[in-house]
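S.K.: have a look; sequence and predicted model below, questions after that.
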Amino acid sequence: MPNKSKRLDNLFHALSDPTRRSVLERLSTGPASVGELARPFNMALPSLMQHLDVLENCVLVRSRKVGRVRTYELAGKSLYAGERWFVRQRTLWEKRLNQLDGYLMDLKEKQNDGT
C-alpha cells in the first residue's frame, strides 16, 4: 500500500498547482508543443518545464521529441487512481451520513414518544 499512497500523493501534489491544472486542461483538447503550452503563462520557460516534469513524473502527461520540438499529450491513467480514491471517500462519507441520519431520526422518534 505504501507505493499506492506515494503515487496518490504525487498525483494530488501535481494537481495542487493552478499552472499544472491549466496545462492539463489545455492538453485535454489535444497535444501541444512546449511553446504553445508556455504562451498563456507569464513565466520563464525553465519554470514551465519544471511543471511539465512534475506532470510527466506522475504519468499525467507524456512527451515526445521530434527534431527540436517537444510535444506533450495527456496520459491520463493516473487520474483513475485519484478518481477511485474520491469514490471510496464519497462512499464512506455517504454511509456515515446515512448512519447519522438514522440515529437522529431515532432520537427524534424517542423524543416525540416521550412527550
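M.R.: Yep, it's here. Residues are numbered from 1 along each chain as shown.
S.K.: okay, helices next: where are they in the protein?
M.R.: For the chain, the helices defined by DSSP state H occupy 2-15, 18-27, 34-38, 45-57, 77-114.
S.K.: of all those, which one is nearest S63?
M.R.: The minimum distance between S63 and the helices of the chain falls on helix 45-57, with 6.2 Å, by Cβ to Cβ. For the C-beta atoms, the positions are set from N, CA and C on the backbone; glycine is no exception.
S.K.: and A14, how far from D53?
M.R.: 10 Å (Cβ to Cβ, to the nearest Å).
S.K.: neighbour count winner among these two?
M.R.: Comparing A14 with D53 by other Cβ atoms under 10 Å, the one with more neighbours is A14, at 23 against 12.
S.K.: quick one: R70 and S63 touch, right?
M.R.: Yes - counting by Cβ atoms under 8 Å, R70 does reach S63; the two are 5.4 Å apart.
S.K.: centre-most residue in this structure?
M.R.: L15 (4.8 Å; Cα atoms, centre = their mean).
S.K.: contacts only, for it.
M.R.: L15 makes contacts with 21, 24, 82, as judged by Cβ atoms under 8 Å, 6 or more residues apart in numbering.
S.K.: distance of it relative to F86?
M.R.: Distance of L15 to F86, computed by Cβ to Cβ: 12 Å.
S.K.: kindly report the same for E73.
M.R.: For E73 relative to F86 (Cβ to Cβ), the value is 24 Å.
S.K.: cool, and K95?
M.R.: Here the criterion is Cβ to Cβ. By it, K95 lies 15 Å from F86.
S.K.: same check, this time on G67
M.R.: 40 Å.
S.K.: same check on A32?
M.R.: With Cβ to Cβ as the criterion, A32 and F86 are 27 Å apart.
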